[in-house]
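[1] Okay, sequence plus prediction incoming.
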Amino acid sequence: MKFFTLFLLVSLTSCTHLFFQPDHYLYVPPEKINLKYENILFDSMDKTRLHSWLFKSDVLRGEEGLVVLFHGNAQNLSSHYLSVSWLTRFGYDVWVWDYRGYGLSQGKATSEGIAQDASAALQFAMKLYQKKSYKKLILVGQSLGGNILTRALSDFNDQKKVSLLVLDSTFLSYRKIAKNRLQSVWFLYPISFLSSLLVTDKYSGENSINKLNIPTLVIHGKLDPVIPFSFGEEVYKELKTKKKEFWQVPEGKHINTLGNGKRADEEKFLKLILKLSGNSSS
């Protein structure tokens, strides 16, 4: 009995830390890499104060747009923004924000609370989009952020105004990924079936993905050690939108394709933005 109890406690702890691992450390100050930005505070649906950065581009091009990042489960925006901030060099403004409990955002990270944060972030992004009359609105969800974004979009009234959705290294079901993580540890494998009892999919994107009708790019590395490639295949399969593309990265690992500094990948991504958002030329 003690043996089983120990396993149960370990599994509970593993599932909790798997999804939310916030901290408050400032990883890469934008000033150190000469990026201009604005600190912006906004309120979640329950009035929890959330923190964000808006990076503005000095480049004027025909395809200017607003890129919004829903980042992964660990650290905070100061360690994630580099995956999309490079787009400012090509005429895009970039807005990155933190869930509650992350970075300078108030509150404690919970599934229900972060679901409210995501809805508020989409509404705030739309205000930014309309204020400057951007030509494109691009939403990027990475890892856990892809799941959170997918769920939030199902209730988003301005879904038709989204030019492109990018789902990078993500998954649809919390239960399935928790089971996969438990099965990856040999001594937890025998109780991996408990993931259906310990983890809820109430706030997951599993039941929302087929409601989306947005041009979508799915990115997943075949060597991803965190979210196995098969989960990316499931995301792509369940998408019902007519415009979709799957960027399978043979040597790719976890969320290391965007912002990796490789010119070829940057150009390929920019071309995909134009293609999937309905434009044929740059």
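    Thanks, I have the structure now.

[2] now for the longest helix seen in the chain, which elements pack on it?
    Taking DSSP state H as the criterion, the chain has its longest helix at helix 111-132. Identification of packing neighbours for helix 111-132 by 3 or more Cβ pairs under 8 Å, 6 or more residues apart in numbering; DSSP states H and E yields strand 37-43, strand 49-55, strand 65-70, strand 92-97, strand 137-142, helix 144-153. In short, each C-beta sits where N, CA and C put it, glycine included.

[3] Tell me which of these sits nearest to residue 270.
    strand 92-97 (9.4 Å; Cβ to Cβ).

[4] hang on, the earlier thing: out of the helices and strands packed on helix 111-132, nearest to residue 131?
    Taking the helices and strands packed on helix 111-132 one by one with Cβ to Cβ, strand 65-70 is closest: 9.7 Å.

[5] Moving C-terminal from the closest one, which element do we reach first?
    strand 74-75 (DSSP states H and E).

[6] Quick check: mean pLDDT of that following strand?
    In this model, strand 74-75 carries a mean pLDDT of 95.

[7] follow-up on the earlier one: mean neighbour count, mean pLDDT and distance to residue 160 for the helices and strands packed on helix 111-132 - can I get that in a markdown table?
    As requested, those are exported to a markdown table (neighbours: other Cβ atoms under 10 Å; pLDDT from 0 to 100; distance: least, Cβ to Cβ, whole Å):
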| stretch | mean neighbour count | mean pLDDT | distance to residue 160 |
| --- | --- | --- | --- |
| strand 37-43 | 14 | 97 | 23 |
| strand 49-55 | 20 | 98 | 24 |
| strand 65-70 | 26 | 96 | 15 |
| strand 92-97 | 24 | 97 | 20 |
| strand 137-142 | 25 | 97 | 10 |
| helix 144-153 | 27 | 97 | 11 |
